[in-house]
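> One predicted model, sequence on top.
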Amino acid sequence: MQLQQMYQEIILDHYKNPHGRGLRDPFDAESFQVNPTCGDEVTLRVKLDGETVADVSYDGQGCSISQASTSVLTDLVVGKPVGEAFKKMDAFVELMQSRGQIEPDEDVLEDGIAFAGVSKYPARVKCALLGWMAFKDAVARSQGAA
Amino acid sequence: MTTTAAPLDVTALRADFPILSRTVRDGKRLVYLDSGATSQRPTQVLDAEKAFLQEHNAAVHRGAHQLAEEATDAYEGARQRIADFVGADFGELVFTKNATEGFNLVAYAMGNAATSGPEAKRFVVGPGDEIVVTEMEHHANLVPWQQLAARTGATLKWFGLTSDGRLDLSDVDSVITPRTKVVAFTHQSNVTGVINPVDVLVAAARKVGALTVLDACQSVPHGPVDFRELGVDFASFSGHKMLGPSGIGVLYGRRELLEALPPFITGGSMIELVKMEGSTFAPPPQRFEAGSPMTSQAVGLGAAVDYLGVVGMERIHAHEHALTVAALEGLSAVQGVRLIGPSDAVHRGGAVPFEIEGVHPHDAGQVLDSLGIAVRVGHHCAWPLHRCLNAQSSVRATFYLYNTLDEVDALVDGVREAQKFFGVA
């Protein structure tokens, strides 16, 4: 059934038990992003240690897709060099824009591959990318401030 | 209008709407509960548009040929029938691209009044003046007024809401004061379906000489509306919410006001005399219809009001009321559902917004969609209303003449299904 294809167990697990949730100090920069069509919002903080993503913390209100994808984001980028984190982000964005046409690479995206089914629903792509847009913005702000 | 009319024969009506018999998401019967966003069109409207394009298509108000004459007759004939439908005179209706443009037309024209002739003086707003709106407005009847205030230095004020989502009119005179220049408000909320007491607000505005601007997007399609009787100065509504085409809206303005109102969009068709040094403008409604207008859309909207007129607006309103009562009853019986806005159907049209505890509206909408049920999720272009009623967003079901009690049951079952799927039942 289509619904299960979209709401993979992995997504529902991250939704119910989010990783890294809650705003933490210290941080270098914070980004607030909102999806104007549904009002979902996320506030996300980034702490860099040189070129490494030392911590990502976040809070927000949103649907299972936006909350789960932000939870997966923290798993994927914390402890990684910024360049590698951005490569993962690019891979995730490409997957979300694929309309279900590409096979995701589990080595790169780990739990993020569960969102392949979401990419078939254009209205939900924005949900899945909300946290990632905040991450990109917060890193840019951190680097700009440095 | 009669109030004792026979109920609608919905089965027969539905046959006029081909889209309602299609299936979605792997063969699910379509349950369309999103007419508040856009309504479906009957074959009568589609045929009228097609016939116009196949037989009479030409640019209106120009050209010396027969097609141009026929096209102009069809366009202006539609204006007349729409005017009759809403209790207005022929010259009091302006075609716009949508209802949003209608509100912007009034707001921008008022902004232009300061640099226009003495006849436009009554429209001038500036520092010290007040513009009044309400917290339940669709963004279309809110943002243009915020912007007018920002451009002119006027102050924006608003009526708040009671906890059940009705306008708080406990102290009208403190909101509408002698400083008030405009009172812009919705006839019927696009989120909660609440129908506002137009008479109270019109009386208060008149007392201080303020203009009234009515958002009629959700009232004109769903019940009998007579602008002359309501006594409002301006009103705006859209074609696509009343069985008509998208790409067309209608602005109503009392004749003497339209005659004095400066233009908003300028260019061809709206002029009287053009010289290099300057231009004079055509009388209304042409003054407000610059450029080549939409034609098949106007004809389609004319056919839509013909259709609605035959069915009967009283009957449509009564039918939607019955569906609303059933939906409120059905949903409030589901544990974990919170209705947003009034819990009753008094002074209310066919819109029912709600939240499901533990299931985000976007996720609820997805489950309903998988069952073939089309609803709106989000804040429905009424963010302040949601904030005011402590909802981040909501699921909204809206009803029209073609919806059935079976579809209300399907909605309620779908909500239980969503609870089961997300493990909160």
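Received the coordinates, thanks.
> Just give the closest residue to B:Gly231, not the sequence neighbours.
Distances taken as Cβ to Cβ, 6 or more residues apart in numbering or on different chains place B:Val202 nearest to B:Gly231, at 4.7 Å, with adjacent residues excluded. In short, each C-beta sits where N, CA and C put it, glycine included.
> so which helix or strand takes in that neighbour?
Here B:Val202 sits within helix B:198-207, counting by DSSP states H and E.
> How about A:Phe32?
Going by DSSP H and E, A:Phe32 is part of strand A:29-35.
> now do B:Val250
Residue-wise, B:Val250 maps onto strand B:249-253 under DSSP H and E.
> isn't there a strand covering B:Glu272?
Yes: under DSSP: H, G, I helix; E, B strand; the rest coil, B:Glu272 falls within a strand.
> ranges for the helices of the chain?
In the absence of a named chain, chain A is used. Assigned by DSSP state H, the helices in chain A fall at A:2-6, A:9-16, A:64-77, A:82-96, A:106-109, A:122-145.
> Wait, chain B was what I had in mind.
Taking DSSP H as the criterion, chain B contains helices spanning B:10-14, B:43-55, B:66-86, B:99-112, B:143-152, B:172-175, B:198-207, B:227-230, B:255-260, B:296-311, B:313-332, B:361-370, B:383-388, B:405-421.
> Which among these is found nearest to B:Ala120?
helix B:255-260 (5.8 Å; Cβ to Cβ).
> Other residues contacting that closest one?
The set of residues that contact helix B:255-260 without belonging to it, under Cβ atoms under 8 Å, 6 or more residues apart in numbering or on different chains, is B:89, B:91-92, B:94, B:119-120, B:122-123, B:211, B:233-234, B:283-285, B:287-288.
> The residue nearest to B:Phe17 when sequence neighbours are not counted: neighbouring residues, count only.
Nearest in space to B:Phe17, with sequence neighbours left out and distances taken as Cβ to Cβ, 6+ apart, is B:Gln40 at 5.0 Å. Other residues near B:Gln40 come to 19 when the count uses other Cβ atoms under 10 Å in any protein chain shown.
> count of neighbours near the nearest residue to B:Thr404 once chain neighbours are set aside?
Nearest residue to B:Thr404 in three dimensions, chain neighbours excluded: B:Val10, at 5.5 Å (Cβ to Cβ, 6+ apart). B:Val10 sits with 17 neighbouring residues when counted by other Cβ under 10 Å.
> circling back: what would the helices of chain A look like in CSV with mean pLDDT, mean neighbour count and distance to B:His138?
Conversion of these to CSV gives the following (pLDDT from 0 to 100; neighbours: other Cβ atoms under 10 Å in any protein chain shown; distance: least, Cβ to Cβ, whole Å):
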stretch, mean pLDDT, mean neighbour count, distance to B:His138
helix A:2-6, 86, 16, 30
helix A:9-16, 94, 18, 31
helix A:64-77, 96, 25, 25
helix A:82-96, 97, 17, 30
helix A:106-109, 94, 13, 40
helix A:122-145, 93, 20, 20
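> thought A:Asp105 was touching A:Asp90?
No: A:Asp105 is beyond contact range of A:Asp90, at 11.8 Å (criterion: Cβ atoms under 8 Å).
> count of neighbours near the spatially closest residue to B:Ala149 that is not a sequence neighbour?
Of all residues not flanking B:Ala149 in the chain, B:Leu156 sits nearest, at 4.4 Å (Cβ to Cβ, 6+ apart). Around B:Leu156 there are 16 other residues, counting by other Cβ under 10 Å.
> and if you look at A:Asp25?
Residues near A:Asp25, counting by other Cβ under 10 Å, number 8.
> Which per-residue confidence value corresponds to it?
On pLDDT, A:Asp25 comes in at 95.
> Quick check: the gap between it and chain B.
26 Å (Cβ to the nearest Cβ, to the nearest Å).
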